[in-house]
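> Sequence plus predicted model, see below.
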Amino acid sequence: MMQTPLWKRVLIWAVVVLGVAAAFPNLQYSRVETHNDAVAAVEAAGGTATPEQQAAIDAWPSFLPSGLVNLGLDLRGGAHLLAEVQVADVYAARIDAMWPDVRDALRDVRDQVGAVRRQPSPEGVLRVAISNTEAMPVALEAVRELARPVVTLTGVGQNDIDVTAEGDTIVVQLSEVERAATDDRTIQQSLEIIRRRVDEVGTREPTIQRQGEDRILIQVPGIGSAAELKALIGTTAKLTFHPVLGRTSDAGADPGARNLLLPSMDEEGVFYIVEQTPVVTGEELVDAQPAFDQNNRPAVNFRFNPTGARKFGDYTATNIGSPFAIVLDDEVISAPVIQDHIPGGSGIITGRFTVEESTQLAVLLRAGALPAEMTFLEERTVGPELGQDSIDAGKVAAVVAMVAVAVYMVASYGLFGVFANIALAVNIALIFGALSTIGGTLTLPGIAGIVLTIGMAVDANVLVFERIREELRNQKNPGRAIELGYERAFSAILDANITTFITAVVLFTVGAGPVRGFAVTLGVGIITSVFTALFVTRAIIEIWFNARRPKTITV
Amino acid sequence: MAFRLRLAPEKTNIDFFRAQWLTFGGSMMLTVVAIALWAVMGLNFGIDFRGGTTIRTESAQPVDVGAYRQALSGLDLGDVLITEVFDPTFGPDQHVAQVRIAPLDGYEAVTPETILAAEEALKTVDPSITFPSVESVGPKVSGELVWKAILAMVAATGAILIYIWLRFEWQFALGAVAALVHDIFITIGVLALFQIKFDLAIIAALLTILGYSINDTVVVFDRLRENLIKYKTMPLRDVMNLSVNETLSRTLMTSVTTLIALVAMAVFGGDVIRGFTVTIIIGIVLGTYSSVFVAKNLLLFIGLDRSEKPKKGGDHEFANVDA
């Protein structure tokens, strides 16, 4: 029998040793995990460790590999949400904000266009009627001057608004390119704000990803329920401060032009009439912290940036004695009367909060408001106990499967079966090693994939062993038969595994969540099983063969 | 000679075409029956594909399906399905049930109020009840998931077809895909017959069957390719029989090891994953059968052009390796 070249043998065993080493931390999962968490925490804190953290770090020697297989939500427990961002909301706000500019632009050419009136229009469209229809070209010209060029890779030279004429009406809406650019910005902002909010509550490794055009996938391990997560990220948290014009208990009251009728958050059936334009908004906040007011009730302290502080200061100075509404997502939290000029730019929001509510409000205000509302298309929660049950069941199944397959292999192929079993054990270690190294996620179907691989991994060995048997029948000497067995089984092993690998790739591409985890373990399993069958088993057989030099062999 | 467990005698000489009307014809029939079952009984789609909510409940108290239904009926949730779940891995006072709520008409998104209301109602029946898993999928997403699933199956089949075509001849590719279609459709027929919940995991199972079945078929084809070169004058039918006989031992061996592993998973792996494992088991039995009795039969019907022609490099680069 031919010897495999030395460099190749060294390489094969090096891969095996590295793979086993990379898989090793997974045997001590919780110990390594606390070690990793502590290391990350210390790094974030700038290098100073508390005694507990130091103990956690010391629990796992730092020279050992510490990469772990990530556990999917179905194993660790946690919440999964798929949200759709209502990107069209932003168009409406943008277009509404254009009205004053359009009005001013038309006022400049008033002598030609005549009276200007805003017409009722669907959301995201601004319709303005002019009385002098002949002057339409002039009016269009004036409005078009408001347009700004869009700076994107594809939209060079295009403007952000489309201005057209319909009879005596000017129609203004966002252009196609601007919409696309706005959508993109809205999603990016939403992602950023969701990330900040989730980070504020400090859970481990949340996944926050954009999916497709207008969707965001949020996966947070360890959170109790999707409802809890939704309360955190589903709130728009738009904070505004408005002058109050009146108070009513009539839900159908007409607030009048450019005013709003907003319900009170705490008092049932109470409504406030406030000016539509806020004095200051939450965008100008720099900080918000949970606190207690002078009556020791939970409240939120906030501080404005310099611009916000000036606006707030000026307004309070000139309106002492009038009420002032603090509005969160179109509900009035409270409407205190301004007692004094507030120059410093900081204040306190009081209301009927619980401590949890004030803490959460502070988190939301710090993270900022979402640019648009979100609806939830999919939500899944798995409790940590169910995940642990699944892990335990998967472990038992894997051990039983391995023992049964190993016994069966030895019964069928004797000593060669033992070789195949060593390769099988190496194979399982390599799968975990590879998953830990590439940061793959293990899911429940993924465990099933590993168990399936235990069954299928021996296939390549079976192909070789059966071939060796055939060659032995043809009166070849043992060494030659082994060699031929490997050579001739190669094309079958290759073709059979590439086709299976194709399905794994397809699964990975179109699958989501747990199914994707399955595709990864299946794909990795195929690669490692071909490697162990072709190289590891062969290397073991060579060692045995060269040591014993048997005259006859039985496979 | 040492003892060896053998699934097939050392050398077999079975004529796999002898009862062709029964095996191949039977397979055809069974495929048609499976499609009919699918059409008539329909699939028991999970929420992945039709939207809605499933709540898994767990309690130390025995499950009282009637009381659960009574509690939920007041909520006007529409179509509610409650099933108790049994599993050998459960402890003695672990009682699990699955509550499935159909999606509400006219909602694109999930309604969190529904879930909360249902959980509250169930708590009135059994205060100790917990909800280890709650899943909710809006109709919009489920519609897309259906298309994704179909796309995945078609893409995988197409990719395999092309690969086999490149590595073998186009006739082989057709034979292989016929075997795949056979395996997949009969599996779906069985799923329809027993109303096993059809969700995303089942799609993964079907794709795994696809991979396994093609694996098995390719091994037979590989030997056929080799023997076609070795025995140039032997009738195609005899070469096929020879190839299947030669690989029979391996085919059975691999099926049995895979089935051993899967049965272990089905028995000990817990109920969450059972539908998935059982589906793969069905598919692997079918895949083994089809690689022996279906794939090559179609190939024989189409026939192969065995006249000498210069082969492009790569076509037989491995099969040609000889002593």
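That came through, no problem.

> what kind of secondary structure is B:Glu84 in?
Classification of B:Glu84 using DSSP: H, G, I helix; E, B strand; the rest coil returns strand.

> quick one: it and B:Ser59 touch, right?
No. The pair B:Glu84 and B:Ser59 does not pass the contact test of C-beta atoms under 8 Å, sitting 11.0 Å apart. To be clear about C-beta, it is placed using only N, CA and C from the backbone, and glycine gets the same treatment.

> higher neighbour count, these two?
Comparing B:Glu84 with B:Ser59 by other C-beta atoms under 10 Å in any protein chain shown, the one with more neighbours is B:Ser59, at 19 against 14.

> Quick one, grab the pLDDT at that one.
Listed pLDDT for B:Ser59 reads 90.

> and it, bridged to which residues?
B:His95 (DSSP bridges).

> contacting residues around it?
B:Ser59 is in contact with B:95, B:126, B:128-130, counting by C-beta atoms under 8 Å, 6 or more residues apart in numbering or on different chains.

> The nearest residue to A:Arg215 once chain neighbours are set aside sits in which helix or strand?
Among residues not flanking A:Arg215 along the chain, A:Glu84 sits closest, at 5.3 Å (C-beta to C-beta, 6 or more residues apart in numbering or on different chains). Element membership for A:Glu84, per DSSP states H and E: strand A:78-85.

> again, but for A:Ile447
A:Ile447 belongs to helix A:444-473, assigned by DSSP H and E.

> And stretch A:529-548, what's buried?
Neighbour counts using 16 or more other C-beta atoms under 10 Å in any protein chain shown place A:529-542, A:545 of stretch A:529-548 among the buried residues.

> Looking at A:Gln53 now. What's its pLDDT?
What the model reports as pLDDT for A:Gln53 is 82.

> ok, back up a step: hmm, the helix holding A:Ile447 in reach of chain B?
Yes. Helix A:444-473 is in contact with chain B by C-beta under 8 Å from any C-beta of the partner chain, via A:444-445, A:447-449, A:451-452, A:454-456, A:458-459, A:462-463, A:466, A:469-470, A:473.

> Nearest residue to the middle of chain A?
Centroid-nearest residue in chain A: A:Ile208, 1.5 Å away (criterion: C-alpha atoms, centre = their mean).

> close enough to count as contact, that residue and A:Ile193?
No. Between A:Ile208 and A:Ile193 there is no contact under C-beta under 8 Å: 10.1 Å.

> for chain A, what's the longest helix?
In chain A, with assignment by DSSP state H, the single longest helix is helix A:478-510.

> quick one: average confidence on it?
Mean per-residue pLDDT for helix A:478-510: 88.

> what pLDDT does the residue in the stretch 151-300 of chain A that chain B sits nearest to get?
Nearest to chain B in the stretch 151-300 of chain A, going by C-beta to the nearest C-beta, is A:Ala227, at a distance of 5.9 Å. For A:Ala227, the pLDDT comes out at 77.

> quick one: it is in a helix?
Yes. The assignment for A:Ala227 by three-state DSSP puts it in a helix.

> can I assume it is in contact with B:Ile115?
Yes. Assessed by C-beta under 8 Å, A:Ala227 is found in contact with B:Ile115 at 7.3 Å.

> Looking only at neighbour counts, state which of the two leads.
B:Ile115 (22 against 18).

> was I right about the more buried one contacting B:Glu135?
No. B:Ile115 is not in contact with B:Glu135 according to C-beta under 8 Å; the separation is 9.8 Å.

> any residues in contact with both of those two?
With C-beta under 8 Å, 6+ apart as the test, B:Ile115 and B:Glu135 both reach B:Thr53.

> So for B:Glu84 and B:Ser59, which residues contact both of them?
B:His95.

> remind me which residues of the stretch 1-150 of chain A are low pLDDT?
A:1-2 (pLDDT under 70).

> Can you pull the residues of it lying near chain B?
Checking the stretch 1-150 of chain A against chain B by C-beta under 8 Å from any C-beta, the hits are A:74, A:82, A:84.

> okay, now the domains of the chain?
As the question left the chain open, I've gone with chain A. As assigned by the TED database, chain A contains the domains A:6-77+A:383-548, A:92-179, A:237-368.

> Actually, chain B is the one I wanted.
Under the assignment automatic domain parsing, the domains of chain B span B:20-44+B:142-315, B:52-137.

> I am finished for the moment; much appreciated.
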